[in-house]
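[1] quick check, what structure comes out for this input:
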Amino acid sequence: MECACKNSDIAFLLDVTGSPDDAPKIQRFLAYLVNDSFVIGPSDVNIAIISFIPEIDGHMTLDKGDLYPDVSAAILTVNVHNGTSFESQTYNALDLAKTVFLSPQHVQGGRLNASKIAVVLTTGLDDTFCTTVQKALAAKQQGIEVYAIGVGNKTSQLLELKAIVSPPAHTHAFHVESFDELRELAEVFFKALCS
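    The predicted model follows:
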């Protein structure tokens, strides 16, 4: 399957908690997109992968995300932390996508002439929903196309996910009940992202 999103900078923003056993499921989802779907290269798709829980961790930033081996190695560093003590950081992820990770003015921000796409993978928006919507609006106003994938029961209200994504919401907001379903979603998500 060849990607129609040529010349795109895509930042995967991971705002997830769960079991350490969930990390390989996220890795498989990302690996499918990178290895089987996207054409990675300087004039094609560049990838950033950033975790936001328990702290910001740039596994791969756009200044380095144009080579398959580097992106594939970065995917293997993604992990998931236990706990309900972590508050959702989706608002922070969207803000930093706008100001750093998808901003051509920043050293890690990618290419000036590339389309900017943020893919938020989150396990919860509840406590920070209003702030998250504001940050998403600011990112979209800067020209960033926002997609969201909610995992679990805290994101089962698609209304919340639809409020942060770019229009049309039915092709930009997705929900799965568990990390186990991510791999099944990958092909559907790819088609929505690169159609």
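[2] for the rest of this, base every contact and every neighbour count on C-alpha atoms.
    Will do.
[3] now do the strands in this protein.
    Using DSSP state E, the strands assigned to the chain run over residues 8-15, 45-51, 57-60, 115-122, 144-151, 173-176.
[4] now the fourth one, how far from the chain's geometric center?
    Per C-alpha atoms, centre = their mean, to the nearest Å, the displacement of strand 115-122 from the mean C-alpha position of its chain is 4 Å.
[5] tell me what angle it forms with strand 144-151.
    Here strand 115-122 runs at an angle of 20 degrees relative to strand 144-151 (axes from the mean of the first three to the mean of the last three C-alpha atoms, to 10 degrees).
[6] what average pLDDT does strand 115-122 get?
    For strand 115-122, the mean pLDDT works out to 92.
[7] then the last one?
    The predicted model gives strand 173-176 an average pLDDT of 94.
[8] now do stretch 6-16
    Rounded mean pLDDT across stretch 6-16 is 89.
[9] mind starting the numbering at 671 from now?
    Sure thing, new numbering starts at 671, so read that last one as stretch 676-686.
[10] give me the residues contacting that stretch.
    Applying C-alpha atoms under 8 Å, 6 or more residues apart in numbering, the contact partners of stretch 676-686 are 709, 713-723, 732, 750-751, 758-760, 763-764, 767, 771-772, 780-781, 783-794.
[11] select only the buried ones of the residues you listed in PyMOL?
    In PyMOL, this line selects whichever of the contacts of stretch 676-686 come out buried by 16 or more other C-alpha atoms under 10 Å:
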select buried, resi 709+714+715+716+717+718+719+720+721+722+723+732+750+751+758+759+760+763+764+767+771+772+780+781+784+785+786+787+788+789+790+791+792+793+794
